[in-house]
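In: compute the structure for the input listed below.
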Amino acid sequence: MYEFSHEVERKERKFKLYLFIFIISSLIGISLDIVDFYNGKTSGLRIVTNILFFGLVIYFGLQKKSWVVWMIQLTVWMYVVLLLLITIVVIFRL
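Out: Alright, predicted model coming up:
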């Protein structure tokens, strides 16, 4: 279907925001895995698979494959829900 230029720009900004949040959350997750590795709580294989997985998702995401765009959006929303749950638990000390 045909789209106006402002609709295309809006979708592009939205995608870039999702990609930025995904990259930040991936870096935080990998850094937490590295800390756990040095504390002896996780294996090096988990770190390597996470780096490969996030690298592939970002690579295909930059090519704007539709399944990866959906996966990035799903992951970002899962991180948002997780952050809200952690905030609620910390506030109410559950």
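In: nearest residue to the most centrally placed residue in the chain in space, please, no chain neighbours.
Out: The structure's the chain has its C-alpha centroid closest to Phe22; by C-alpha atoms, centre = their mean the separation is 2.9 Å. Counting by C-beta to C-beta, 6 or more residues apart in numbering, Ile72 is the residue found nearest to Phe22 once chain neighbours are left out, at 4.8 Å. Placement of C-beta: from N, CA and C, glycine included.
In: now swap in Ile47 and tell me
Out: Nearest to Ile47 is Asp33, by C-beta to C-beta, 6+ apart, at 5.0 Å.
In: can you pull the contacts of that neighbour?
Out: Thr42, Arg46, Ile47, Asn50 (C-beta atoms under 8 Å, 6 or more residues apart in numbering).
In: repeat the analysis, applying 6 Å as the threshold.
Out: Residues counted as contacts of Asp33 (C-beta atoms under 6 Å, 6 or more residues apart in numbering) are Thr42, Ile47, Asn50.
In: tell me how far it lies from Thr42.
Out: Taking C-beta to C-beta, to the nearest Å as the measure, Asp33 falls 6 Å from Thr42.
In: do the same with Val90
Out: For Val90, the distance to Thr42 - C-beta to C-beta - is 23 Å.
In: and those two? Which one has more around it.
Out: Using other C-beta atoms under 10 Å as the criterion, Val90 and Thr42 rank with Thr42 on top: 16 against 9.
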